[in-house]
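A.B. asks: coordinates only, sequence not included:
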């Protein structure tokens, strides 16, 4: 195969690419499914569903141990289980799994609904608002704060630290990245030391007092696992909420009422919104040994970005993939990853999105965007609007 390098060059921060993303990536899937970028020290990007799923499942050739993001977030420690391969990966995932099981997730619904209703009550009387600032950012941060065992008031710190992490990483500002990771470390130190002295019935206590093979886990692992939950467990759902509300805003009152009346229809809608706009556009692997994929030679240590969002628009996997179909029958997509590293909190994220849609439609059923212009977009690996201004 002859590789045709993309024009313009692939840079996921480029507004021209972001604003024409479906067309750009459709062309690359056809003519150059393995893209090369020289940004962030150079990396490959996989665009086809089959290639992405294969790499996600092949830890012997594509390892996660070097880190899941391009560029790296500047953390001084790994984030297990995310940055571990089998058999170690399964050991650490098992420690967290009980908090994200179907039963545990269902038990969270009353709390999630309370948080959403409280948030809506604070701004609904204004008749206008930015749903990113009012719901997208605070709801997942508050839910994660409670799950970890933190006071809900600390959710604002969680949101701010996530913003700083993303901003410093895509701006290649190493000093700022190190500063925000030090801030997260200070934030966690207080809470971890408190749990060390007196365990509670919360996720952070479980992390602090975890053992592997009869030995306590190290502080590096404790901090890494907690950081992963604070960042990955909140920011992804932020974009999922706002993306879904954007798509709801495109439909009229009869359709909106049908979403409220029919839980299955709402579930299909949420699933399609997550497929169409994958909140995390891609995560990274590193090549082990020399790998040849579609006649492209990758060298040991090369970085590879698995573009979940591109795979979700692959015509070989989905019919008419660039059309938003609210009644699309569900097919396994890449939104929450693939294989053993599939997101632990996918069920909780979907629960939060569903509850937000239900409560928004109940409280402000006629909400509409203030303009027909495309919303401003985030320019990092999180995929979605940076704001969603509406009136009702």
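C.D. replies: Looks like it arrived, so ask away. Nothing here was measured: the structure is a model prediction, and the numbers come from that model.
A.B. asks: Following the chain past the strand or helix carrying residue 204, name the next helix or strand.
C.D. replies: Per DSSP states H and E, residue 204 falls inside helix 203-208. Note on helix 203-208: by DSSP H and E, the next helix or strand toward the C-terminus is strand 211-212.
A.B. asks: Sheet-wise, list the partners of the next helix or strand after that following strand with their directions.
C.D. replies: From strand 211-212 onward toward the C-terminus, using DSSP H and E, the following helix or strand is strand 215-216. If you go by DSSP bridges, strand 215-216 pairs up with strand 211-212 (antiparallel).
A.B. asks: Residues contacting the strand it pairs with, please?
C.D. replies: Identification of contacts with strand 211-212 by CB atoms under 8 Å, 6 or more residues apart in numbering yields 91, 92, 217. Every C-beta, even on glycine, is put in place using the N, C-alpha and C of the backbone.
A.B. asks: one step back: for the helix holding residue 204, the averaged confidence score.
C.D. replies: Taken as a whole, helix 203-208 has a mean pLDDT of 94.
A.B. asks: Next, count neighbours for residue 22.
C.D. replies: Look at residue 22: counted by other CB atoms under 10 Å, it has 14 neighbours.
A.B. asks: What distance do you get for it to residue 333?
C.D. replies: From residue 22 across to residue 333, the span is 15 Å (CB to CB, to the nearest Å).
A.B. asks: What is the neighbour count of the nearest residue to residue 267 once chain neighbours are set aside?
C.D. replies: Once flanking residues are discounted, residue 267 sits nearest to residue 354: 7.1 Å by CB to CB, 6 or more residues apart in numbering. Per other CB under 10 Å, the neighbour tally for residue 354 reads 20.
A.B. asks: What values do phi and psi take at residue 354?
C.D. replies: phi -60, psi -50 (degrees, to the nearest 10).
A.B. asks: Mean pLDDT per helix and strand in this protein: which one sits at the bottom?
C.D. replies: helix 155-170 (a mean of 77; mean pLDDT, DSSP states H and E).
A.B. asks: what's that one packed up against?
C.D. replies: helix 138-148, helix 174-197, helix 219-248 (3 or more CB pairs under 8 Å, 6 or more residues apart in numbering; DSSP states H and E).
A.B. asks: give me every residue that touches residue 289.
C.D. replies: By CB under 8 Å, 6+ apart, the residues touching residue 289 are 61, 300.
A.B. asks: what kind of secondary structure is it in?
C.D. replies: Judged by DSSP: H, G, I helix; E, B strand; the rest coil, the three-state class of residue 289 is coil.
A.B. asks: Quick check: it vs residue 105, distance?
C.D. replies: From residue 289 over to residue 105 (counting by CB to CB), the distance is 39 Å.
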